[in-house]
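> Sequence below, structure please.
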Amino acid sequence: MSECTYYDRSRVQHYYLEDLKIKIVAAADFEGRRIPAMGIGDARSRDEVLGRASHFLEGASLECMPQERDAASNESCFAMIGQGWITVYFLDGEFVSAQLTSSHFI
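Numbering: from 1, shown residues only. Alright, predicted model coming up:
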C-alpha cells in the first residue's frame, strides 16, 4: 500500500492513499485563528460552518446525520462534489474537522 502525508502552509493536511487524495482541516489546528479552508474563517458553530461551507461549495447540499457517539464526533454532514466528496464533522454542535476526498488520478 502506498501512502504519504504532509501539512501545507495553511495547516491543511494532505494525505495520499493509493488512488485517493484526502485533505483534512481540523479545528484543533486553528485554535484562536481563522480557518482559511472552505471559507470557514472564525466560524465554529454547526450552523455557521455549514452556511459558509455551503456557500463555498456553491450550493452543494450537505446532508447531516447523527453518528454513534465516539471520541471524535457525533454528527457528520456529507456532500458529493465533482469526482469526490466532502464530510464535515461536529461534536455537540461545534466544528471538529472537514475532509475532502477525491481521486488524484482524475
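> contacting residues around P36?
With contacts defined as Cβ atoms under 8 Å, 6 or more residues apart in numbering, the neighbours of P36 are S10. All C-beta atoms are positioned from the backbone trio N, CA, C, and that covers glycine.
> Distance-wise, check T101 relative to G51.
Distance, T101 to G51, by Cβ to Cβ, to the nearest Å: 22 Å.
> Between these two, point out the one with more neighbours.
Higher neighbour count among T101 and G51: T101, with 17 against 13, using other Cβ atoms under 10 Å.
> what about the more buried one, which helix or strand?
In this assignment (DSSP states H and E), T101 forms part of strand 94-103.
> which helices and strands sit right next to that strand?
On a contact count with 3 or more Cβ pairs under 8 Å, 6 or more residues apart in numbering; DSSP states H and E, strand 94-103 meets strand 20-26, helix 46-56, strand 84-91.
> make it 6 Å
Here strand 94-103 touches strand 20-26, strand 84-91, going by 3 or more Cβ pairs under 6 Å, 6 or more residues apart in numbering; DSSP states H and E.
> quick one, which of these is nearest to A43?
Of all the helices and strands packed on strand 94-103, the one in closest proximity to A43, counting by Cβ to Cβ, is strand 84-91 (11.2 Å).
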